[in-house]
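Novice: need a structure here:
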Amino acid sequence: PYQHGEVYVTDDGAETDLDLGHYERYTGVSSRQSDNITTGRIYRDIIAKERRGDYLGATVQVIPHVTNAIKEFAVSDVDDCDFVICEIGGTVGDIESLPFIEAIRQLRNDLGRDQTVSVHTTLVPWIAAAGELKTKPTQQSVRELSSLGVQPEVLLCRSDRPLPEAEREKIALFCNVRKSAVIPALDARNIYDVPLQYHEAGLDDEVLYAFGIKDAPEPDLTRWREIMDAIDHYDSEVTIGVVGKYVGLPDAYKSLREALVHGGIANRTKVNIQWIDAELFEHPESDIVAELEPLNAILVPGGFGERGSEGKIASVTFAREREIPFFGICLGMQMACIEGARNTAGIAEASTTEFGPTSEPVVGLITEWMSEEGIQERAADGDLGGTMRLGAYKAKLDGNSVIRGIYGSDEISERHRHRYEVNSHYKDALEKGGLVFSGMSPDGRLPEIVERPDHPWFIGVQFHPELKSRPFDPHPLFAGFIEAALKQSRLV
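Specialist: Residues are numbered from 1 along each chain as shown. Okay, here's the model as predicted:
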């Protein structure tokens with residue numbers, strides 16, 4: 001997480017870059033395995049083909065074999081699409097991206113120039129010592145890209161301040177594009193203002209012009225204006241504490257942060273997030289009351305490993321005893337179950353096998369579960385990579401539960417990414433302690449949701465609801481969580 005931020009998971013179980021989460025939140029279109037490719041996957045597939053003899057002994061080279069594989073990926077599984085956005089990450093000139101840029105060069109020739117548009121994002125930095133914007137980085141980047149055979153039609157110029165007309169003219173002259181195609185991509189006050197900002201700058205007009213599309217209707221930006229109105233003109237304000245282990249890099253919880261904002265939009269409430277390192281509560285001198293008492297709600301997110309676990313459990317205890325709204329996600333739910341086992345069910349040695357051998361494995365490795373493909377099995381000494389319970393799985397909800405009221409449905413489908421699961425053998429003991437299992441897998445074997453009916457708002461979920469939340473369609477769990485935090489704020 002500290003290197004790349006969160007791992008975004010799609011419905012069909014792909015583990016991808018967090019950028020796909022942005023695409024889902026902006027477009028409302030669910031991502032798929034076929035929407036993401038890496039150099040590793042390309043090379044793995046090519047080596048597998050060579051081993052099978054698909055190339056009949058021919059020399060395998062970057063061109064054409066690697067570039068052909070990239071092109072095949074770019075045009076696959078898009079029959080139902082009008083437009084395809086194909087992003088090449090990284091920086092022009094990086095050795096890793098060269099085969100991808102070459103593939104795009106070839107693809108533009110294959111499809112025809114009237115069917116493709118190249119949009120290049122560049123930097124126009126402000127040099128404080130000189131007191132001016134510098135266009136040289138943009139000129140150099142475009143020159144480098146052009147030398148690789150790709151001439152961009154549109155430039156998105158990232159800057160922290162307005163781009164003067166003289167600078168736009170200079171960029172257009174040296175980069176061989178129309179002045180109107182030099183689009184200022186200024187720092188936005190909120191990321192959901194970006195569609196409106198780009199429309200105002202003329203990006204959509206330039207893309208249509210490059211495609212030769214004329215007489216296009218005006219875009220309907222009503223929902224984006226409504227979102228920004230809710231963000232700018234909020235009625236209330238709450239503070240949510242996120243007790244996690246990767247809080248040093250907020251991108252590690254990117255979808256979670258956005259989902260909390262979406263919950264705020266649903267309640268016309270500004271959400272202030274206080275990132276709290278769970279390890280702080282593991283020191284004897286720590287003052288958990290001073291840290292958590294000012295909060296209107298507490299959220300314990302997902303994660304892996306033992307570090308910070310006791311701090312998370314301590315925050316669960318605080319939320320339960322003080323009747324502060326609590327939301328546990330993935331590992332957060334597991335910590336809530338261990339806390340309940342220790343403090344309300346009388347199982348003092350309760351723990352998880354993820355942290356080592358334990359006499360009371362309230363949480364343990366999932367060795368078998370049912371998927372759409374059939375029974376999936378895992379061994380404790382098996383590979384760690386690619387072996388988790390990934391993607392969308394259904395759950396059945398208790399008809400009289402709080403969670404049933406939030407979803408308004410008896411069955412749900414949510415995305416998962418976990419290797420450990422709450423041990424259903426402890427279900428009776430935990431429920432006697434007040435922690436109710438209100439959602440289970442359809443076969444009744446895997447706990448999906450727990451809640452405390454005697455608490456104002458206490459819910460733990462094994463899945464990641466933040467991955468399906470969108471600004472114009474906030475996830476009901478986050479909308480409900482912020483609503484509960486709002487009620488809590490009015491009690492203080």
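
Novice: Mind jotting down where the helices sit in the stretch 101-250 of the chain?
Specialist: Here the stretch 101-250 of the chain has its helices, by DSSP state H, counting those that start in this stretch, at 136-147, 165-175, 194-201, 203-211, 222-232.

Novice: low-confidence ranges in this protein?
Specialist: 1-3, 368-386, 492 (pLDDT under 70).

Novice: where exactly do the strands run in the stretch 251-400 of the chain?
Specialist: Under the criterion DSSP state E, counting those that start in this stretch, the stretch 251-400 of the chain carries strands at the ranges 269-277, 297-300, 326-329, 350-352, 360-365, 368-371, 374-377, 389-397.

Novice: Packing partners of the fourth one?
Specialist: Strand 350-352 sits against helix 331-343, strand 360-365, with contacts defined as 3 or more Cβ pairs under 8 Å, 6 or more residues apart in numbering; DSSP states H and E. From N, CA and C alone the C-beta is placed, and that goes for glycine too.

Novice: Return the set of buried residues in that strand.
Specialist: Across strand 350-352, burial judged by 16 or more other Cβ atoms under 10 Å covers Ala350, Ser351, Thr352.

Novice: Not counting sequence-adjacent ones, nearest residue to the first one?
Specialist: If you skip the residues right next to it in sequence, Ala350 has Ala341 as its closest partner in space, 3.5 Å away by Cβ to Cβ, 6 or more residues apart in numbering.

Novice: isn't that neighbour right up against Glu431?
Specialist: No. The criterion here is Cβ atoms under 8 Å, and Ala341 misses it with Glu431 at 11.2 Å.

Novice: on that earlier part again, so which of the helices and strands packed on strand 350-352 is the most packed in?
Specialist: helix 331-343 (a mean of 26; mean count of other Cβ atoms under 10 Å).

Novice: For the helices and strands packed on strand 350-352, could you give me a markdown table that also reports distance to Gln115?
Specialist: A markdown table is the format used below for these (distance: least, Cβ to Cβ, whole Å):
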| stretch | distance to Gln115 |
| --- | --- |
| helix 331-343 | 46 |
| strand 360-365 | 49 |
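
Novice: Which of those sits closest to Gly405?
Specialist: helix 331-343 (18.7 Å; Cβ to Cβ).

Novice: Packing partners of the helix or strand containing Ile70?
Specialist: Assigned by DSSP states H and E, Ile70 belongs to helix 67-74. Applying 3+ Cβ pairs under 8 Å, 6+ apart, one finds that helix 67-74 makes contact with helix 39-52, helix 98-111.

Novice: distance of the spatially most central residue of the chain from Arg307?
Specialist: Nearest residue to the geometric centre of the chain (Cα atoms, centre = their mean): Ser255, 3.8 Å. Relative to Arg307, Ser255 is positioned 22 Å away (Cβ to Cβ, to the nearest Å).

Novice: What of Asp45?
Specialist: 36 Å.

Novice: same deal with Asp204?
Specialist: Taking Cβ to Cβ, one finds Asp204 at 46 Å from Arg307.

Novice: Contact partners for the residue nearest to Thr344 when sequence neighbours are not counted?
Specialist: Using Cβ to Cβ, 6+ apart and skipping residues adjacent in sequence, the residue nearest Thr344 is Gly433, 3.3 Å away. Applying Cβ atoms under 8 Å, 6 or more residues apart in numbering, we find Gly433 in contact with Gly340, Ala341, Asn343, Thr344, Ala345, Gly346.

Novice: Nearest to Lys394 among those residues?
Specialist: Nearest to Lys394 among those: Gly340, at 25.0 Å, using Cβ to Cβ.

Novice: correct me, but the closest one touches Val436?
Specialist: No. In this structure, Gly340 is not within contact of Val436 by Cβ under 8 Å, at 10.2 Å.

Novice: shared neighbours of these two, anything?
Specialist: By Cβ under 8 Å, 6+ apart, Gly340 and Val436 have these common neighbours: Val450.

Novice: that older thread, could I get the helices and strands packed on helix 67-74 as CSV with mean neighbour count and distance to Pro219?
Specialist: Converted to CSV, the helices and strands packed on helix 67-74 look like this (neighbours: other Cβ atoms under 10 Å; distance: least, Cβ to Cβ, whole Å):
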stretch, mean neighbour count, distance to Pro219
helix 39-52, 13, 35
helix 98-111, 18, 25
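
Novice: Adding distance to Ala74, write the ones you listed out as CSV.
Specialist: Shown next, in CSV, are the helices and strands packed on helix 67-74 (distance: least, Cβ to Cβ, whole Å):
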stretch, distance to Ala74
helix 39-52, 12
helix 98-111, 6
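
Novice: circling back: among the strands of the stretch 251-400 of the chain, which is nearest Ala166?
Specialist: Ranking the strands of the stretch 251-400 of the chain by their distance to Ala166 (criterion: Cβ to Cβ) puts strand 269-277 first, at 38.7 Å.

Novice: what sits up against the closest one?
Specialist: 231, 234-245, 247-248, 250, 257, 260-261, 263-264, 291-292, 295, 308, 311, 315, 482, 486.

Novice: Try it again at 7 Å.
Specialist: 234-243, 247, 250, 257, 260-261, 263-264, 291, 295, 482, 486 (Cβ atoms under 7 Å, 6 or more residues apart in numbering).

Novice: re earlier: which residue is the nearest non-sequential neighbour of the residue nearest to the centre of the chain?
Specialist: Nearest one to Ser255, counting by Cβ to Cβ, 6+ apart, is Glu466 at 4.3 Å.

Novice: Okay, buried residues for stretch 148-167 please.
Specialist: Val150, Gln151, Pro152, Glu153, Val154, Leu155, Leu156, Cys157, Ser159, Leu163, Glu167.

Novice: Just confirm the first one contacts Arg105, I think it does.
Specialist: So that's Val150. Yes. Using Cβ atoms under 7 Å, Val150 is in contact with Arg105, at 5.3 Å.

Novice: Glu411 and Met333: what is the separation?
Specialist: 19 Å.

Novice: Apologies, that question was intended for Pro361.
Specialist: Distance from Pro361 to Met333, by Cβ to Cβ: 16 Å.

Novice: now swap in Gly264 and tell me
Specialist: Noted for Gly264: a distance of 23 Å to Met333, by Cβ to Cβ.

Novice: cool, Asp19 as well?
Specialist: 27 Å.

Novice: picking up where we left off before, of the buried residues of stretch 148-167, closest to Ala74?
Specialist: For the buried residues of stretch 148-167, the nearest to Ala74 is Val150 (13.8 Å; Cβ to Cβ).

Novice: That closest one: what's it in contact with?
Specialist: Applying Cβ under 7 Å, 6+ apart, we find Val150 in contact with Ile101, Ile104, Arg105, Ser118.
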